[in-house]
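A.B. asks: Have a look; sequence and predicted model below, questions after that.
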Amino acid sequence: MVFAQPQWSLLQFSEAVTAYRGQIQRYQQQTDNFKSLKVLLYDEDIAVFSVKLFALSAQHCHIYLAANDQPDTLSELKAQCDAYALPNEDCFSGCVPLKASQIVRPQTLMDCWPEQGTVSFFTSGSTSKARAVTKQWFQLNRELERLEELFPCDRASVSLATVGHQHIYGLLFALLLPLKQGLCIYPRFAYPEHLLPVLKQQSGVLVSSPAHLKRLAVDNTLVEVRQGLCKVFSSGGPLADSVALRLASQLKQPVTQIYGSTESGGIAWRQLVDEPCPWQPFPEIRVENHSDGLVLYSPWADDRPLLLTDWGEVLADGRFQLLGRTDRTIKLEEKRLDLNVMESRLNQHCWVEECRLLPLNSQSRTVLGAVVLLTSEGKVALRKMGNWQVKQQLRNYLHGYFELICLPKKWRYPSQLPVNTQGKTPLAELEALFD
């Protein structure tokens, strides 16, 4: 089986791709539009999404992958596209497909594998406005070749993901790589613990994110089926060393962390077993030190120097350490503040499990907001002392390192940080906590 729901064999998948491709061709005839169509694609059903993705690519379409299906997101992208392939609005579904004899029917998966055309991803993790990053299929396929070499997998395993496939990490690791490796792909799981029934029956590869894995490490329900976990991938943001080491101990295998971005593609990987370790660049990739941050040289990033948004230290053997992001310096009353530095300091307090700092507009001036996930000790303090006292204690702690004018003025203590389908914390959702 290629997909678990619906239970599609490779033949059934190929037939579905052929039929949908025929509908696209009929649409092009009816609209007299044979140029490279710009098509907006979104579907949470990974099997249906795959059919549309492969068929659109076969017709050399420029595919726009919406980051989510929010009305404003889709409306904004529709204005840039010629046609839509959405669950409730598909320009091609009503077209009578061309006769099968007029379409070359694929005999193998590689016969219909995407090779032509482009895909535009829209970042939505750390900024409030999405930005388009366009990739050629030859770039994605070249990266896939290296991932296959680095992370081989038993074809008897299944692919299990807690991240969506509309972003580059999910597309590569939760869809294209398992397809290449012959794994049966399951629909996305909301939480890793929901994998328990599947892993009791068969072995699987888990494609997840730091937010999901952090929750899993607190009460790891997968320990009883850990022998069924072939690999655990994490990307989409930094996985805390403490969480990675805890999971390695619980699951008796390290988490494979992937470092990269939508623009850069995959850059490096690492596995923490007993202690923190540097990042190992993927084959063909080189990372260099620069005064403004790390610089990347990658064949799937146009082979041009790309300045990354992270500080780092490149070691003699080519591996490197990450030392924080370069793009989080703000001004408060003419005082420059690196949010990474303050977050790192606040995270060291015994009441703080994790935190996010963000600038907020308040009465024509900028103030700093703090969203704090409390430890069990912090929650006890909050119950006993109340919001104001906890805020003052944390501010007093920070005042030991930062000027008074730079300290957060607004504080929130949610039970968990908001995350999207990629396990990232969107800025807009953090800002909404202060509305």
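C.D. replies: In hand now; what should we look at?

A.B. asks: surely Tyr20 meets Val51?
C.D. replies: Yes - contact between Tyr20 and Val51 holds when scored by CB atoms under 8 Å: they sit 5.5 Å apart. From N, CA and C alone the C-beta is placed, and that goes for glycine too.

A.B. asks: Domain boundaries for this structure, per the record?
C.D. replies: Using automatic domain parsing, the domain parsing of the chain gives 1-136, 329-432.

A.B. asks: Tabulate these in a markdown table, adding columns for mean pLDDT, distance to Lys252 and mean neighbour count.
C.D. replies: What follows is the domains of the chain, written out as a markdown table (pLDDT from 0 to 100; distance: least, CB to CB, whole Å; neighbours: other CB atoms under 10 Å):
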| stretch | mean pLDDT | distance to Lys252 | mean neighbour count |
| --- | --- | --- | --- |
| domain 1-136 | 86 | 26 | 17 |
| domain 329-432 | 89 | 23 | 16 |
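
A.B. asks: Now distance to Tyr169 too, for those domains, in JSON lines please.
C.D. replies: Putting these into JSON lines (distance: least, CB to CB, whole Å) gives the following:
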{"stretch": "domain 1-136", "distance to Tyr169": "10"}
{"stretch": "domain 329-432", "distance to Tyr169": "7"}
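
A.B. asks: right, and the ones you listed - which one's nearest Arg142?
C.D. replies: Ranking the domains of the chain by their distance to Arg142 (criterion: CB to CB) puts domain 1-136 first, at 9.5 Å.

A.B. asks: Show me how far that closest one is from its chain's centre.
C.D. replies: The chain centroid and the centroid of domain 1-136 are separated by 20 Å, computed with CA atoms, centre = their mean, to the nearest Å.

A.B. asks: neighbours around Leu206, how many?
C.D. replies: Leu206 is surrounded by 26 other residues when neighbours are defined as other CB atoms under 10 Å.

A.B. asks: Surely it is within a strand?
C.D. replies: Yes - in this structure, Leu206 lies within a strand as judged by DSSP: H, G, I helix; E, B strand; the rest coil.

A.B. asks: What helices and strands are in contact with the lengthiest helix in the chain?
C.D. replies: Secondary structure assigned by DSSP state H gives helix 376-399 as the longest helix of the chain. Other helices and strands packing on helix 376-399, by 3 or more CB pairs under 8 Å, 6 or more residues apart in numbering; DSSP states H and E, are helix 339-346, strand 352-362, strand 365-374, strand 410-412.

A.B. asks: Need the CA coordinates for the next helix or strand after the last one. PDB is fine.
C.D. replies: So the one you mean is strand 410-412. The helix or strand immediately downstream of strand 410-412 is helix 427-432, counting by DSSP states H and E. Taking C-alpha atoms only, helix 427-432 is exported to PDB below (Å, rounded to 0.1, in the frame of the first residue of the first chain):
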ATOM      1  CA  LEU A 427       3.800  35.500  16.000                       C
ATOM      2  CA  ALA A 428       0.200  36.400  15.300                       C
ATOM      3  CA  GLU A 429      -1.000  33.800  17.800                       C
ATOM      4  CA  LEU A 430       1.400  35.100  20.500                       C
ATOM      5  CA  GLU A 431       0.200  38.600  19.900                       C
ATOM      6  CA  ALA A 432      -3.400  37.400  20.200                       C
END
